[in-house]
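In: structure for the following, please:
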Amino acid sequence: MQATCLRTAAAASPRRSTRSRTRKPGAGSVTRRQVPDTDGRRRHGLPYGFAEVAVASLLVAAAYCGAWTCSIEPALHAPAAQDATQAAAQDARGSASARQAETPQGQGQGAPAPKGKLAIDGDASLSAAPSVASLRQAIFDFEARGYVVGICARDLRTGVTITYDADADFYTASAIKGPYVISVFQELVDAGSLDAADAYHYAQPIILNSDNDAYVALSDRLGRSCFAAWLRQGHVEAGAYPSVDAYAAPHYPHSTARQLAQEWAHAYAYLASGRGHSATLLALLANRTVSPIRDALGEKCQTLSKAGWYPVDEGIADPATNDAGIVMGPRGPYVVAILSNAPEDFDAVEGIAAAVDQALPQAVDAAACYPRKRTSGSSRTPNCLSTSS
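Out: Numbering: from 1, shown residues only. The predicted structure follows:
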């Protein structure tokens, strides 16, 4: 179905929210049910002094080899090909761990470029567009505040993908609620296994106001098997978990930006189809109360997403400010997932969302102009969001 179908069905969406910067009860605050597992999925810092020793060693080696005149900022490049998907994801998570330990605390400090891996379809040669440079600057500004971020955006017409540490895992907070509710309607309500009015009774406060109590009550009542089945149908990866079932099991798992982008690409196929109760969900998602993506893009396009956030002072789970969903841009729809450890900092994520929206059309144009430089696992294949791309 064309992009205009989604735009028309959700035209009543409010735009700029008037949210307070204080935490709203039930709108991103978490209960003790949200305590993430402590089986190693949390990121840990490097040993004390590791960063200083590593940097000093690098500078000595550079001077010795005569490479001092070369910039040491990381270039835009494709991730190295690996035989094992899980190994690639583990490497990315390790990169995020190191950056979290080394990122300076305080505005205006830091390296002259993002510390992670920014790529267009895994091809560094396609990343010279001015708007992609703007995205690099936005990421640098974000990291200079002491935060870590993972990004995955995919143009749904061409499959062109922009990623930045897309396989680093973060605490999802309430960003997982959107995909879970969609799975309930698609797997249970549309199949006649659950009454639509009953499901809507829970879905409305969950999506509109990020109600934690309603979400946990629905999840406890229905379980997580429908979510796991929905994830498998969408070919969503397991991320930091040993299996998709393990990823689906917690109320609030850790996730990667790539996983959430895959989930929203799967959701788009349903929401744009007009089947079942997709129009009901579309209207809810278009009218959610909090969304950095919507606030960043304003009146220029329709957006459907679910945000998640967690303040640093609660002490129960990792701090987070996330948003992921669908953008009906002027050149067609795309999915975007932005995950971070920023403690309830919506403005910071808005800056990333605006830069991604500017960069993606340029990335599409660059990929179209240089098709021979696309990787063999490029975004023109159905598996373009896979870790190996």
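In: pLDDT weak spots in the chain?
Out: Along the chain, the model assigns pLDDT under 70 to residues 1-115, 122-129, 131, 313-315, 369-389.
In: tell me where it has helices.
Out: 3-9, 50-64, 85-102, 130-143, 177-184, 196-209, 212-222, 225-233, 244-248, 257-271, 278-286, 292-297, 346-369 (DSSP state H).
In: can I get the ones you listed in TSV including mean neighbour count and distance to P311?
Out: Where C-beta positions appear, they are placed from N, C-alpha and C, glycine not excepted. As requested, the helices of the chain are exported to TSV (neighbours: other CB atoms under 10 Å; distance: least, CB to CB, whole Å):
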stretch	mean neighbour count	distance to P311
helix 3-9	16	33
helix 50-64	12	27
helix 85-102	18	18
helix 130-143	19	18
helix 177-184	26	18
helix 196-209	18	17
helix 212-222	18	14
helix 225-233	19	26
helix 244-248	21	25
helix 257-271	26	21
helix 278-286	21	24
helix 292-297	24	15
helix 346-369	21	12
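In: closest to D155 out of those?
Out: Across these, the minimum distance to D155, taken as CB to CB, is reached by helix 346-369, at 5.3 Å.
In: and that closest one, what does it pack against?
Out: Other helices and strands packing on helix 346-369, by 3 or more CB pairs under 8 Å, 6 or more residues apart in numbering; DSSP states H and E, are strand 118-120, helix 130-143, strand 149-155, strand 161-164, helix 292-297, strand 320-329, strand 332-340.
In: try 10 Å
Out: Judged by 3 or more CB pairs under 10 Å, 6 or more residues apart in numbering; DSSP states H and E, helix 346-369 is in contact with strand 118-120, helix 130-143, strand 149-155, strand 161-164, helix 292-297, strand 302-310, strand 320-329, strand 332-340.
In: reformat the ones you listed as TSV; add distance to S183.
Out: Below are the helices and strands packed on helix 346-369 laid out as TSV (distance: least, CB to CB, whole Å):
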stretch	distance to S183
strand 118-120	30
helix 130-143	31
strand 149-155	20
strand 161-164	23
helix 292-297	21
strand 302-310	13
strand 320-329	15
strand 332-340	16
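In: and stretch 239-247, how far apart are its ends?
Out: End-to-end span of stretch 239-247 (CA to CA, to the nearest Å): 8 Å.
In: what's the burial count for A166?
Out: Burial of A166 is recorded as 29 neighbouring residues (other CB atoms under 10 Å).
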